[in-house]
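task: produce atomic coordinates for the following.
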Amino acid sequence: MRRRRLVPLLALSLTATLAPALATSTASAAPATAPTAAAPSAAGAAAGESALDRYVKQKPQWKRCPEPEAPPEILCATIQVPLDYRKPGGKRIEVAISRIKATGTGKRRGVLLSNPGGPGGPGLYLPLGMAQWLPAAAREKYDLIGFDPRGVGSSTPVTCGLKPEEEDWLRPYKPETFDDDVAWARTVARKCEQKAGAVLPHITTRNTARDMDLIRAILGEKKLNYLGYSYGTYLGAVYTQLFPRRADRFVLDSAVDPEQAWRGMIQWWAWGAEPAFDRWTAWAAERSGTYGLGDTPKKVEAAFWDLVARAEKEPIDLDGQPVTGDDIRIGMRAAVFTPEYATESFVELRNAAAGKAVAPKKLDRFLRPVAPHAANRAAAAPADNMTASFWAVVCGDNSAAWPRNPESYRRDAIEDKGRYPIFGDFASSIKPCAFWDRSVERATKVNNKVGSLVVQNEWDSQTPLPSGQALRRQLKGSKMVTVRGGEGHGIYPSGNPCTDGAIDRYLLTGKLPAKDMTCRATEGSNEQARQNREQDVFPGSPAPERAPDRF
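A predicted model of the protein is given here:
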């Protein structure tokens with residue numbers, strides 16, 4: 001199959017009250033329906049208080065976390081936040097937070113909040129990983145704070161009541177199944193509206209950023225420090241836009257382009273897979289004597305598409321599970337993050353097709369999950385919580401980005417399957433957002449001078465390098481560290497003295513690099529990073545390894 005070649009990635013190139021902060025937030029990118037300041041409650045007005053002061057005065061009741069295996073150094077609490085910040089006197093929901101206290105005395109800088117990605121990813125136990133990664137000097141300075149974002153996990157979790165098969169949104173375009181896919185997308189949107197219609201419109205990135213500022217205020221901090229991965233970079237960027245004077249040291253690892261949220265970012269997965277695929281075919285061809293896939297990139301490519309075609313006619317039996325050609329395309333999108341891994345996986349898959357014995361665990365990227373990421377869900381959360389919260393954000397942040405006519409998706413899927421044959425039709429075909437209610441607020445336009453550190457791998461097809469470069473341009477006070485040759489999604493910590501050193505220095509001193517800098521990937525650094533990560537939390541996606549081990 002002919003594929004359109006792409007240019008190389010590197011060539012593209014509180015105890016202050018919360019009310020003033022919220023006034024800032026609504027002025028930054030205010031929708032027509034949003035107030036310019038928090039509305040006071042009757043009781044609050046009589047006392048001269050903002051309607052939000054009741055939230056700020058909360059005292060977290062720290063206790064052992066609900067996870068039985070959680071070590072004693074991490075404590076958890078639950079706070080209340082407004083469901084709708086435009087009506088802070090109305091319905092409340094809960095947000096679960098966690099804390100590991102700073103180890104130093106007299107050296108404390110403040111709190112370091114974190115988010116592992118998503119949307120829909122629980123982050124309550126992320127501080128456990130951070131406590132291992134951060135240098136001792138940083139551990140002396142910061143209380144490490146985690147949280148499950150609103151609607152997620154232990155934070156008043158949302159549900160659409162979806163069946164496991166309805167959570168599967170990786171749907172290739174086929175003329176004979178497109179009407180069924182449209183019906184699926186409409187059904188998911190309808191179920192979400194019926195099950196959680198009063199809540200879902202408020203499960204958005206802007207409101208999660210407001211929750212972050214409320215957490216800051218409740219903890220008595222004047223400013224917030226932050227480490228966010230993947231979706232967490234967008235969440236962090238939105239916070240800097242809404243609360244520029246509250247943002248202190250912000251590290252944004254593997255960045256989302258705010259202007260592409262969210263349909264555009266999903267489509268960029270298809271874009272990013274293509275150069276990574278080309279890199280893989282060249283790598284494998286150079287080692288044809290070892291792997292036997294062909295001695296030129298074209299021969300390796302032909303071997304790949306031949307296996308896809310064969311599996312479409314007769315699925316490969318992998319330990320009792322059928323693997324279709326579409327499953328191979330999905331799996332390879334993730335596998336090509338690392339050429340060596342992609343090659344070894346493809347050889348194993350081809351052996352399976354030939355009836356040879358293989359280790360199925362090595363090919364798990366090519367198997368469709370029945371219940372996506374079940375191991376990452378909070379025990380008390382509904383089974384479809386991650387999927388429901390995912391769609392709430394992806395559809396609700398910016399409904400204007402999603403066409404309403406299903407035929408638009410058909411056209412895009414056909415075109416993008418031709419342009420980006422690995423993943424184009426999966427990315428561009430119909431999604432529940434086509435039938436979602438209009439967003440309560442407009443999408444946040446990020447354009448500020450808040451200092452932050454953007455960190456990006458060259459070979460990250462989940463958030464491609466141009467995505468990180470775009471966020472760097474929109475955060476005009478930021479600096480960027482690019483890892484040339486860096487593989488995978490999520491960098492810190494990688495074991496690379498250059499990248500880890502730049503982040504550690506910034507967290508310790510608050511000083512950004514004098515200018516954007518490039519680090520070279522070091523041998524073993526990417527592998528160390530992969531060993532410390534689990535999958536990202538896009539429900540059911542073949543995301544690369546990311547987010548820390550929980551314990």
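
low pLDDT regions in this protein?
Along the chain, the parts satisfying pLDDT under 70 run over 1-49, 360-362, 368-379, 524-551.

can you give the domain ranges for it?
Dividing the chain into domains by automatic domain parsing, as the record does, gives the ranges 58-158+199-261+446-546, 265-358.

for residue 84, helix, strand, or coil?
Secondary structure for residue 84, judged by DSSP: H, G, I helix; E, B strand; the rest coil, is coil.

give me every residue that touches the nearest residue to it once chain neighbours are set aside.
For residue 84, the nearest residue in space outside its immediate sequence neighbours is residue 202; the separation is 5.4 Å by C-beta to C-beta, 6 or more residues apart in numbering. From N, CA and C alone the C-beta is placed, and that goes for glycine too. With contact taken as C-beta atoms under 8 Å, 6 or more residues apart in numbering, residue 202 is in contact with 83, 84, 150, 440.

residue 231 now?
Contacts of residue 231 by C-beta under 8 Å, 6+ apart are 115, 117, 118, 119, 121, 256, 393, 537.

repeat that for residue 101.
Each residue near residue 101 by C-beta under 8 Å, 6+ apart is listed here: 73, 143.

mind checking the end-to-end distance for stretch 437-446?
Stretch 437-446 has its terminal residues 24 Å apart, counting by C-alpha to C-alpha, to the nearest Å.

what's in contact with that stretch?
Residues outside stretch 437-446 that contact it (C-beta under 8 Å, 6+ apart) are 28-29, 31, 33-34, 84, 193, 197, 201-202, 204-206, 237-238, 240-242, 258-259, 261, 396-401, 471, 474-475.

helices - which of those land there?
Here DSSP state H is the test, and the contacts of stretch 437-446 give 28, 193, 205, 206, 237, 238, 240, 241, 242, 396, 471, 474 as lying in helices.

any buried residues in stretch 181-192, and which?
Across stretch 181-192, burial judged by 16 or more other C-beta atoms under 10 Å covers 181, 182, 184, 185, 187, 188, 189, 191, 192.

stretch 147-166 now?
Of the residues in stretch 147-166, those buried (16+ other C-beta under 10 Å) are 147-160, 162, 166.

likewise for stretch 241-258?
Counting neighbours by 16+ other C-beta under 10 Å, one finds that the buried residues in stretch 241-258 are 241-243, 246-258.

ok, stretch 88-96 next?
Neighbour counts over stretch 88-96 (16+ other C-beta under 10 Å) mark 88, 89, 93, 95, 96 as buried.

now, these that are in strands?
Helix and strand membership here follows DSSP state E; of the buried residues of stretch 88-96, those in strands are 93, 95, 96.

excluding its backbone neighbours, what's nearest the last one?
The one in question is residue 96. Taking C-beta to C-beta, 6+ apart as the measure, residue 96 lies nearest to residue 154, with 3.7 Å between them; neighbours along the chain are not counted.

could you do the first one as well?
With C-beta to C-beta, 6+ apart as the measure, residue 156 is the residue that lies nearest to residue 93, at 4.0 Å, once sequence neighbours are left out.

repeat that for residue 249.
Leaving out its chain neighbours, residue 249 is closest to residue 225 (C-beta to C-beta, 6+ apart), at 4.5 Å.

check residue 459 too.
The shortest distance from residue 459 to any residue that is not its chain neighbour, by C-beta to C-beta, 6+ apart, is 4.8 Å, and that residue is residue 487.

tally of neighbours for that neighbour?
Burial measure for residue 487: 27 neighbouring residues, criterion other C-beta atoms under 10 Å.

helix or strand for residue 480, which one?
Using DSSP states H and E, residue 480 sits within strand 479-487.

residues of the helix or strand just after that strand that come out buried?
Along the chain past strand 479-487, the next helix or strand (assigned with DSSP H and E) turns out to be helix 497-509. When burial is assessed from 16+ other C-beta under 10 Å, helix 497-509 yields the following buried residues: 498, 499, 500, 502, 503, 504, 506, 507, 508.

isn't the last one right up against residue 134?
No. Checked against C-beta atoms under 8 Å, the pair residue 508 and residue 134 is beyond contact range at 9.5 Å.

can you give me the end-to-end span of stretch 504-522?
17 Å.

give me the residues contacting it.
Residues lying outside stretch 504-522 but in contact with it, judged by C-beta under 8 Å, 6+ apart, are 112, 134-135, 137-138, 141-142, 225, 248-249, 251, 451, 453, 457-458, 472, 478-487, 495-499, 502.

how far does stretch 410-423 sit from the chain's center?
On the basis of C-alpha atoms, centre = their mean, to the nearest Å, stretch 410-423 is displaced by 23 Å from the centre of the chain it belongs to.

got the buried residues for that stretch?
For stretch 410-423, the neighbour count (16+ other C-beta under 10 Å) marks 410, 412, 413, 414, 416, 417, 420, 421, 422, 423 as buried.
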